[in-house]
Structure formats: structure tokens, C-alpha cells
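*Asks:* Here is a sequence with its predicted model. Questions after.
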Amino acid sequence: MSSVPATALDKEELRRTIAEVIDVKPAEVGDERRFVEDLGVDSLMALEVAVVLEKRYRVKLRQADLKHLLCLRMVFDLMRDKLGQGQP
């Protein structure tokens, strides 16, 4: 998987990346669908998502960050902040 420059953050690409890691169809990863409760993500899968995001987007996710990543919208918001893109 190649690294993506900060300017390339795209919610659909992020959705596909997460779906690939947790082995579901991208359509199942809705903006507000909760990873644990709705998609059955366990702690090992969540850690794998974090590692893939760190490598792909060249960011460092702290333990505190991970506790708040409950759905795609929250992941997108955090990644946007980490990449310095702020609000659209």
C-alpha cells in the first residue's frame, strides 16, 4: 500500500481502507455505523486499522486517539486534524 500525501485525504478512500482491513464491503462502513457494535470489530482488528492508517497517512495515533474512533466520521475527523486539513 503506498503512502498518501496529506492533501489526498478522501472519505471514500478511508472507507475502502477500513473496510479492507476489517474484511467487510465498503458500503457497510457507514459514516455513523459503530465499528464494535455494528460491524463486530474486535480489539485486534481495531489495532490493525490504526497501524494501517499510521502507515498509509504517515501519522502517529496515540492510545487516547484510539479510544474515540468509534465510526468512520470520527476517524475521518481525526485524520483530517492530524494531517492539518481542519474543517472543510
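*Replies:* Okay, I see it. Numbering: from 1, shown residues only.
*Asks:* which secondary structure elements does whichever strand or helix holds residue 14 contact?
*Replies:* If you go by DSSP states H and E, residue 14 is part of helix 11-22. Contact partners of helix 11-22 among helices and strands, from 3 or more CB pairs under 8 Å, 6 or more residues apart in numbering; DSSP states H and E: helix 43-57, helix 72-82. (Each C-beta comes from the backbone N, C-alpha and C, glycine too.)
*Asks:* Make TSV from the ones you listed and add mean pLDDT, distance to residue 25 and mean neighbour count to it.
*Replies:* Output for these, formatted as TSV (pLDDT from 0 to 100; distance: least, CB to CB, whole Å; neighbours: other CB atoms under 10 Å):
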stretch	mean pLDDT	distance to residue 25	mean neighbour count
helix 43-57	93	15	15
helix 72-82	95	13	18
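*Asks:* Same list (these) but as JSON lines, adding distance to residue 22.
*Replies:* Listed next are the helices and strands packed on helix 11-22 as JSON lines, based on distance: least, CB to CB, whole Å:
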{"stretch": "helix 43-57", "distance to residue 22": "5"}
{"stretch": "helix 72-82", "distance to residue 22": "11"}
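*Asks:* Quick one: closest of the ones you listed to residue 10.
*Replies:* Nearest of the helices and strands packed on helix 11-22 to residue 10, taken as CB to CB: helix 72-82 at 9.3 Å.
*Asks:* circling back: next helix or strand past the helix holding residue 14?
*Replies:* For helix 11-22, the following helix or strand on the C-terminal side (DSSP H and E) is helix 35-39.
*Asks:* by contact count, what packs against that following helix?
*Replies:* When contacts are defined as 3+ CB pairs under 8 Å, 6+ apart, helix 35-39 packs onto helix 43-57.
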